[in-house]
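> Got a predicted structure plus its sequence, pasted below:
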Amino acid sequence: METHKTRDQFFRVEKGKGEIVIDGITHKLKSGDAILVPAGASHNLINVGAKSLKVYTIYGPPNHRDQLVQSKKSVAELSSEHFDGKTTE
């Protein structure tokens with residue numbers, strides 16, 4: 001479980017099946033589904049399918065540097081590349 005005290009987190013499932021537990025309530029997710037976890041909510045996303053679960057997330061306000069893509073959560077957690085206020089738009 002993790003909690004982001006000051007950031008909402010949007011999840012979109014691109015491929016696979018998952019479950020997300022938000023404040024103790026489990027929600028089933030499949031390809032094409034999306035869900036928003038509000039700031040302060042305890043949550044965990046779990047792959048419940050036989051194949052890989054592919055998702056993307058968006059933090060609001062931003063948490064990571066613009067254009068940064070990381071293949072695994074464990075890699076993202078080790079990164080010190082936080083949002084610097086610069087965008088490419």
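Done, it's in.

> Name the helix or strand for the residue nearest the centre of the chain, please.
For the chain, the residue whose C-alpha lies nearest the mean C-alpha position (Cα atoms, centre = their mean) is T57; its distance is 3.9 Å. Assigned by DSSP states H and E, T57 belongs to strand 54-60.

> Quick check: what element follows that strand along the chain?
Using DSSP H and E, the helix or strand that follows strand 54-60 in sequence is helix 73-78.

> just checking, what packs against that next one?
Here helix 73-78 touches no other helix or strand, going by 3 or more Cβ pairs under 8 Å, 6 or more residues apart in numbering; DSSP states H and E. Every C-beta, even on glycine, is put in place using the N, C-alpha and C of the backbone.

> now for the strand holding T57, which elements pack on it?
On a contact count with 3+ Cβ pairs under 8 Å, 6+ apart, strand 54-60 meets strand 8-15.
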